[in-house]
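K.L.:
got a predicted structure plus its sequence, pasted below:
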Amino acid sequence: MLSFLKKYSLPAIAFFYFALLVMAALMEEYELYFTIAALFFTVFIFIPWLIWQAILVVRLRHERKKTELLHLKSQVNPHFFFNTLNNLYGLIKTDPKKAGELVLKLSDMMRYSIYEAQNEGVTLEKEVEYLNNYIELHKMRYHKKIAINFQVDIQEGYRVMPLLFIILLENAFKHGVENLREKAFVHLVLTTADNEIHFEIKNNFDNSVTPEGPGIGLNNLKRRLALAYENNYQLKLAQHNDEYLAELRLKNL
């Protein structure tokens, strides 16, 4: 019944009720049939419709709240900014020029997180710039050699929900680079073709470290994809020996 009401909405219900009244008026025992029609409408049509509307309102409010929370949680971890500022403080004494460049990158990232992230979609070029800034700042943080290769082959006109790819990149650093003393690598590929965006990221990790369960970031990513892209995306996660691969395909917004 609820699915029927959801599909045909109030105008169709009003028409159905009007038809019942006409039928009752055409019959001899008008009052009796009118009462029966009114009761039928109230019990089987109007009350379920009211219930459905109430459910719909509650569900919409819940989804909006959840989306907002997911969006906030998916933003770059504040600890990243704090740690980066601490590292910058040390770098100002040893290499002021480089420290100045990194301050600008950090400023760009914060601006993007605060303003651009509020939009439903951004250009891929802006997302690439954001990811590159994140990578440069992370390379400064770790004080160790990290083999990072970011291949970009995108066309103009492609748009994506902001801050989607950063979640996978954060995980590559957090669960891969963070625990490796040497030979850490992160390889990224971002391409566009046939109105589809393809993002791929591969990293190695220390398989002697007990793996954690799915983190908040990954769960948020899945939820945001489901809300924003519905069936127009594909996310694949794979692990082989000490390598982890995440692959995301999206339809252009």
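P.N.:
Right, received. Where do you want to start?

K.L.:
every contact and neighbour count from this point should use C-alpha atoms.
P.N.:
OK.

K.L.:
what stretches of the stretch 51-200 of the chain score poorly on pLDDT?
P.N.:
For the stretch 51-200 of the chain, applying pLDDT under 70 flags the ranges 65-79.

K.L.:
the same query, at a cut-off of 90, please.
P.N.:
Where the stretch 51-200 of the chain drops to pLDDT under 90, the residues are 51-121, 136-146, 161-164, 166-167, 170-171, 173-182.

K.L.:
need the strands for it, in chain order.
P.N.:
With strands called from DSSP state E, counting those that start in this stretch, the stretch 51-200 of the chain shows them at 122-123, 146-153, 159-160, 184-193, 196-204.

K.L.:
can you give the strand pairings for the first one, parallel or anti for each?
P.N.:
I take that to be strand 122-123. strand 159-160 (antiparallel) (DSSP bridges).

K.L.:
contacts for the partner strand next, please.
P.N.:
Outside strand 159-160, the residues that touch it by Cα atoms under 8 Å, 6 or more residues apart in numbering are Gly121, Val122, Thr123, Leu124, Asn252, Leu253.

K.L.:
now do the contacts for the fourth one.
P.N.:
Leu124 is in contact with Ile154, Tyr158, Arg159, Val160, counting by Cα under 8 Å, 6+ apart.

K.L.:
Tyr229 - how many residues pack around it?
P.N.:
A count of nearby residues for Tyr229, using other Cα atoms under 10 Å, gives 17.

K.L.:
likewise for Leu104?
P.N.:
12.

K.L.:
ditto for Arg59
P.N.:
Neighbours around Arg59, by other Cα under 10 Å: 12.

K.L.:
tell me the pLDDT at Pro211?
P.N.:
Looking at Pro211, its pLDDT is 65.

K.L.:
likewise for Leu21?
P.N.:
66.

K.L.:
same question, the one 5 residues further on
P.N.:
If you check Leu26, the pLDDT there is 68.

K.L.:
among the contacts of Leu124, which pair sits farthest apart?
P.N.:
Ile154 and Val160 (12.2 Å; Cα to Cα).

K.L.:
and those two? which has more neighbours close in?
P.N.:
Remark: of Ile154 and Val160, Val160 carries more neighbours, 22 against 16, as counted by other Cα under 10 Å.

K.L.:
nearest residue to the more buried one other than its sequence neighbours?
P.N.:
Gly121 (5.1 Å; Cα to Cα, 6 or more residues apart in numbering).

K.L.:
was I right about that neighbour contacting Leu253?
P.N.:
Yes: with contacts counted by Cα atoms under 8 Å, Gly121 reaches Leu253, the gap being 7.0 Å.

K.L.:
any shared contact partners between those two?
P.N.:
Common neighbours of Gly121 and Leu253 (Cα under 8 Å, 6+ apart) are Arg159, Val160, Met161.

K.L.:
contacts for stretch 87-103 next, please.
P.N.:
Taking Cα under 8 Å, 6+ apart as the rule, stretch 87-103 contacts Glu136, Leu137, Met140, Arg141.

K.L.:
which residue lies nearest the spatial centre of the chain?
P.N.:
Arg224 (2.8 Å; Cα atoms, centre = their mean).

K.L.:
secondary structure element for Ala246, which one?
P.N.:
strand 243-251 (DSSP states H and E).

K.L.:
what pairs with that strand, and is each one parallel or antiparallel?
P.N.:
Applying DSSP bridges, one finds strand 243-251 paired with strand 196-204 (antiparallel), strand 233-240 (antiparallel).

K.L.:
of the ones you listed, which stretch is the most buried?
P.N.:
strand 196-204 (a mean of 21; mean count of other Cα atoms under 10 Å).
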